[in-house]
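Engineer: Output the structure for:
(chains A, B and C)
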Amino acid sequence: MSILLRLQSLFSIFGHYLSFILAYLLETVFMIVFVMVSLVAVIYLFRKYMARVQLRIGPNRVGKFGLLQLIADSLKLVGKESVLPRGRDDMPFRMAPVIIFLGLIMSFAIIPYGSLYWVGSLTITDSDVSVLLLFAALAIMPIGELLAGISSRNKYAVVGALRGVAKDISFEIPMMISVLALVMMASARTSTPLNLTSLVSVQFIPYGIPQIIGLGVFFIAMVARASYSPFDMGESDSELVAGHSTEYSGMRFGMFYMGMFGSIFLGSMIVSILYLGAYNGPFSGDLGFIYLLIKSLILVILAFTIWLSVPRIRIDKFVNLGWKYLLPASVINLVIAGILTLGLGL
Amino acid sequence: MTEITKSKDLGNGWVELNIGPQHPSTHGVLRLKVKLDGEIIREVEPVIGYLHRNAEKICELDYYCDSLIYFDRMDYVGAMNMEVGYLEAAEKLLGIPPPERVKWIRVIMAELSRIAAHLVWAGAFGLDLGMLTPFFYCFIEREKILRVFTETCGSRQETNYMSIGGVYQDFNDKIVYDIEEFIEQFPAKLEVIFNAYVKNDIFISRNKGIGILEPEVAISYGVTGPMLRASGIDYDVRKAEPYLVYDKVNFDIPVSYKKDNLARFLVRFEEMRQSIKIIGQAIKKIPDGPYFNPKAKKSLMIRLRGEGETYARTESPKGEFGVYLVGDGGVKPYRVRVRSPSFKNLSVLPVLAKDVMIADMVAISGTIDLVFGEVDR
Amino acid sequence: MIEVKEPKKEIPLIGTIKVIFSIGKHIFQKPVTVQYPEERPALPDRFRFRIFLSLDDCVGCTLCEQVCPNKSIAMQKVERENPRNKRKIYPDVNFGTCTVCRNCEEICPTDAIYLTNVFETSRTRNSFTYSPEELSMPEEEVVK
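Structural biologist: A predicted model of the protein is given here:
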């Protein structure tokens, strides 16, 4: 029983249509609150973790253990003037952060979250083609970066946006091919392999074990999508000031910032859903959501550690990596998946 | 400022871009006028002068002993080396040689300061390439050196420790113990930092074969210091023309024939290890005796008169640091002129950063080790 | 002269993983931060900042004014009975420009002007210039 039906049954006294409208509204509010809270938690975790690795303490003044620091920071960002550069292309400039944030929230709506005690299934959208929907939603975010870079009429921003495009093209194809291998393996077991829920349900052993190459390629692609170091060429702070978000300030910048941290959390969730068995584990009937959170948090921490310890890769080297190493690797992974599916019937 | 300035059409599709003076990778206030062909840099023109403080002229308006604080603020990360450079010239001009003990103290302090300067460079170079964490490990180690400086002379960075014909305060047992403790634990920490860089595939790929500086070019541009030695020329003032007591300690000059960014990186790290070696010997050999020359004691500080001209050169962390002094018999120098190594090293950037990518230019300007207090003076 | 060797080549990715591991390991070490107002590290013995003036010892020789590189010290007339200071002039110090070079302490013939290890001298308004009387008071008593 999904969360929507549960909410609907609460409002059932209002009649069929009104109760569904109310349930949808409440569900949307729930989801946005969940996304915001998880973003704040990830940013807090990042700051604390970075500080401890660098032998500092990190935020500890606002609230207990600095837990309210992020609230204070976001209040500051909201209160700041959002400066609009004079030479901007107005509509794309205002739209870009919204597009990024929209893409992030849409992707969070598609993910299957598993279930949690009496709440039941937390999955919001259950479609038979949710894999396609998810990657369509993910593909929205680079559009926002490109618009931001070009519309703000800043040379740094333009170079950053062009780098972002070059980066996106070079990792998207290997990423999709490795997803294709997953769907191929799942199609032997289920009639709806494009459904994320059934893709998870057929993972008796997590797909990360037979498809270890695919896992590597996909994780690299997800780190690159979040433009985390070593793949943060698009907004490399020591070369291009801030890349595509150079001219942004105030809450508009805050949206870019949250988009960055949101997409690493999202990416880790997707990796754990596709490759690590998502909400499956011992007693996963009740604790599925917790398992998903733990798995994705481990991946988030891994991404943070990589960010902190690795220098930025050069853009031409990354394009090289994408086309010369990741693409062949993903094709090999596809072949292995085919052999496993047809030959061994796994 | 009412009109939006259209970017000037350079023909051939190039874009002109101003990097700096406020930019994260310019180590202060360097401004680079860059002509971009897409991602590739076709021309670089460094513009300097944003930190010009007229230090040489101010030195001419003050007593000989007062100039030291302006030299501290030239290469502010390796201040002791600047003091040694100035005093080499000033003591020659004024005819006040330092006692033997002072020479050893100065060597120890200069080498500690050299390590501190190289640590700042190592951390900042990591930041240039996008490595956030080693910066903090470098600064933690540097803080221990600055602690020793505070223990010795009361200030952390702009120390003003050495005076004409001596030092202001003598070493005591606690300082000797602190320095010994530091050189005991430092090499292990240095290896951690070193491995964090060189074991990294991406770090190697960003530096190997990038920014090749041919020895002929280096010599014709007046490049000195670790940059010159990384191009395969074993020239170090400490060996070529020993000052203080550098001829009595045993150390090697690191040289590399690879000429690229990685060579400059390795040479600087090897220099830190050699500095540790020098300090280890000097702290044992340091003789007893007075810590200032009685001819230049207190209350005589502003009555020192010098006549004639001197030029002294020393090896600062950035390269050959020269001071030219002219005295006209008065209590103030007639002319002070500084040959600053960072400035000469910066002038080779247009050659190094030609037809490279933006990311490489940032890495190359990182390996030059610029300190703007010294470039602009 | 020694030639520095390039580090020996590792298998691709293995070295990077080693680095990531070695840096991630630092999370188990204690942070080095000292949270200043609550925790105070021990000051080194020779740490010096605030200038102190002993009015009884000052002979008004103006040497400190001459030697001060930034001209932070200026002589002030103070009506005060001191047989050794006939001209009744004493130094005042502008802490806004003082660089703590300690030249005044070095040159003072009677050790009247010296530096103490008090460093919490921040002011929110008014001038940074300390008159001779204020220089001779402990920092807590100076009202500005």
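Engineer: what's residue 332 in contact with, if anything?
Structural biologist: As the question left the chain open, I've gone with chain A. Shown in contact with A:I332 (CB atoms under 8 Å, 6 or more residues apart in numbering or on different chains): A:I213. Where C-beta positions appear, they are placed from N, C-alpha and C, glycine not excepted.
Engineer: that's the wrong chain, I wanted chain B
Structural biologist: B:E60, B:L61, B:D62, B:Y63, B:Y64.
Engineer: cutoff 7 Å now
Structural biologist: Contact analysis of B:K332 by CB atoms under 7 Å, 6 or more residues apart in numbering or on different chains lists B:E60, B:L61, B:D62, B:Y63.
Engineer: Report the separation between it and B:V323.
Structural biologist: 15 Å (CB to CB, to the nearest Å).
Engineer: ok so, going back, mind checking which of the contacts of B:K332 are buried?
Structural biologist: B:E60, B:D62, B:Y63 (16 or more other CB atoms under 10 Å in any protein chain shown).
Engineer: picking up where we left off before, let's have the contacts of B:K332 in CSV, adding secondary structure.
Structural biologist: Below are those laid out as CSV (DSSP: H, G, I helix; E, B strand; the rest coil):
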residue, secondary structure
B:E60, helix
B:L61, coil
B:D62, coil
B:Y63, coil
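Engineer: near chain C, from the residues you listed?
Structural biologist: B:D62, B:Y63 (CB under 7 Å from any CB of the partner chain).
Engineer: what's the domain layout of chain A?
Structural biologist: Domain ranges of chain A: A:1-79, A:84-344, per automatic domain parsing.
Engineer: one step back: which one of the contacts of B:K332 is nearest to chain C?
Structural biologist: For the contacts of B:K332, the residue nearest chain C by CB to the nearest CB is B:D62; the value is 5.7 Å.
Engineer: so how far is stretch B:195-214 from its chain's centroid?
Structural biologist: From the chain centre to the centre of stretch B:195-214 is a distance of 22 Å (CA atoms, centre = their mean, to the nearest Å).
Engineer: CA atoms of that stretch as PDB?
Structural biologist: Coordinates of each C-alpha in stretch B:195-214 appear next as PDB, following Å, rounded to 0.1, in the frame of the first residue of the first chain:
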ATOM      1  CA  ASN B 195      52.700  10.700  -0.900                       C
ATOM      2  CA  ALA B 196      49.300  12.400  -0.900                       C
ATOM      3  CA  TYR B 197      50.600  14.300  -4.000                       C
ATOM      4  CA  VAL B 198      52.800  12.000  -5.900                       C
ATOM      5  CA  LYS B 199      50.900   8.700  -5.500                       C
ATOM      6  CA  ASN B 200      47.900  10.300  -7.200                       C
ATOM      7  CA  ASP B 201      47.500   9.400 -10.900                       C
ATOM      8  CA  ILE B 202      45.600  12.600 -11.600                       C
ATOM      9  CA  PHE B 203      48.300  14.700  -9.900                       C
ATOM     10  CA  ILE B 204      51.000  13.100 -12.100                       C
ATOM     11  CA  SER B 205      49.000  13.500 -15.200                       C
ATOM     12  CA  ARG B 206      48.400  17.100 -14.500                       C
ATOM     13  CA  ASN B 207      52.100  17.800 -14.000                       C
ATOM     14  CA  LYS B 208      54.300  15.500 -15.900                       C
ATOM     15  CA  GLY B 209      55.500  17.000 -19.200                       C
ATOM     16  CA  ILE B 210      53.600  20.300 -18.500                       C
ATOM     17  CA  GLY B 211      55.400  23.600 -18.500                       C
ATOM     18  CA  ILE B 212      58.700  22.600 -19.900                       C
ATOM     19  CA  LEU B 213      61.300  25.200 -19.100                       C
ATOM     20  CA  GLU B 214      64.500  24.800 -21.200                       C
END
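Engineer: ok, residues contacting it?
Structural biologist: Taking CB under 7 Å, 6+ apart as the rule, stretch B:195-214 contacts A:230, A:309-311, A:313-314, A:317, B:126, B:129, B:134, B:227, B:231, B:259-262, B:265, B:348, B:352, B:356, B:360, B:363-364, B:367, C:7, C:10, C:12-13, C:15-16, C:18-19, C:22-23.
Engineer: Which among those residues count as buried?
Structural biologist: A:230, A:309-311, A:313-314, A:317, B:126, B:129, B:134, B:227, B:231, B:259-262, B:265, B:348, B:352, B:356, B:360, B:363-364, B:367, C:10, C:15-16, C:19, C:23.
Engineer: Out of these, which sit inside strands?
Structural biologist: B:V356 (DSSP state E).
Engineer: Among the buried ones among the contacts of stretch B:195-214, which are located in helices?
Structural biologist: Cross-referencing these against helices under DSSP state H gives A:309, A:317, B:126, B:129, B:134, B:227, B:261-262, B:265, B:352, B:360, B:363-364, B:367, C:15-16, C:19, C:23.
Engineer: Can you classify A:P112 as helix, strand or coil?
Structural biologist: Put simply, A:P112 is coil when judged by three-state DSSP.
Engineer: per-residue pLDDT, it?
Structural biologist: We note a pLDDT of 82 for A:P112 in this prediction.
Engineer: ok, now how distant is it from chain C?
Structural biologist: Per CB to the nearest CB, to the nearest Å, A:P112 is found 30 Å from chain C.
Engineer: The residue of the stretch 101-250 of chain A found nearest chain B: neighbouring residues, count only.
Structural biologist: Relative to chain B, the nearest point of the stretch 101-250 of chain A is A:S238 (4.0 Å; CB to the nearest CB). A:S238 is flanked by 21 other residues according to other CB atoms under 10 Å in any protein chain shown.
Engineer: swap in C:E81?
Structural biologist: 6.
Engineer: That one: which element?
Structural biologist: Assigned by DSSP states H and E, C:E81 belongs to neither a helix nor a strand.
Engineer: With the one 3 residues further on instead?
Structural biologist: Element membership of C:R84, judged by DSSP H and E, is empty: it is in no helix or strand.
Engineer: Tell me which residues touch it, please.
Structural biologist: C:V59.
Engineer: Assign B:Y334 to one of the three secondary structure states.
Structural biologist: Once three-state DSSP is applied, B:Y334 turns out strand.
Engineer: brain fart, B:K354
Structural biologist: Classified using three-state DSSP, B:K354 is coil.
Engineer: That one and A:L67, how far apart?
Structural biologist: For B:K354 relative to A:L67 (CB to CB), the value is 51 Å.
Engineer: thinking again about what came up before, make CSV from the domains of chain A and add distance to B:F372 to it.
Structural biologist: Below are the domains of chain A laid out as CSV (distance: least, CB to CB, whole Å):
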stretch, distance to B:F372
domain A:1-79, 26
domain A:84-344, 17
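Engineer: okay, the ones you listed, which one's buried deepest?
Structural biologist: domain A:84-344 (a mean of 20; mean count of other CB atoms under 10 Å in any protein chain shown).
Engineer: residues from the stretch 1-150 of chain B in reach of chain A?
Structural biologist: Neighbours of chain A within the stretch 1-150 of chain B, by CB under 7 Å from any CB: B:4, B:15, B:17, B:23-25, B:39, B:127-133, B:136, B:140.
Engineer: let's see it at 6 Å
Structural biologist: B:I4, B:L17, B:P24, B:S25, B:D128, B:L129, B:G130, B:M131, B:L132, B:T133, B:F136 (CB under 6 Å from any CB of the partner chain).
Engineer: Could you list which of these also contact chain C?
Structural biologist: B:T133.
Engineer: Out of the residues of the stretch 1-150 of chain B next to chain A, the closest to chain C would be?
Structural biologist: Nearest to chain C among the residues of the stretch 1-150 of chain B next to chain A, with distances taken as CB to the nearest CB, is B:T133, at 5.4 Å.
Engineer: what's the closest non-adjacent residue to residue 58?
Structural biologist: I'll assume chain A. Spatial nearest neighbour of A:G58, chain neighbours left out: A:A51 (3.0 Å); criterion: CB to CB, 6 or more residues apart in numbering or on different chains.
Engineer: not what I meant, chain C
Structural biologist: C:A112 (4.0 Å).
Engineer: Quick one: residues contacting the one you found.
Structural biologist: C:S54, C:D57, C:C58 (CB atoms under 6 Å, 6 or more residues apart in numbering or on different chains).
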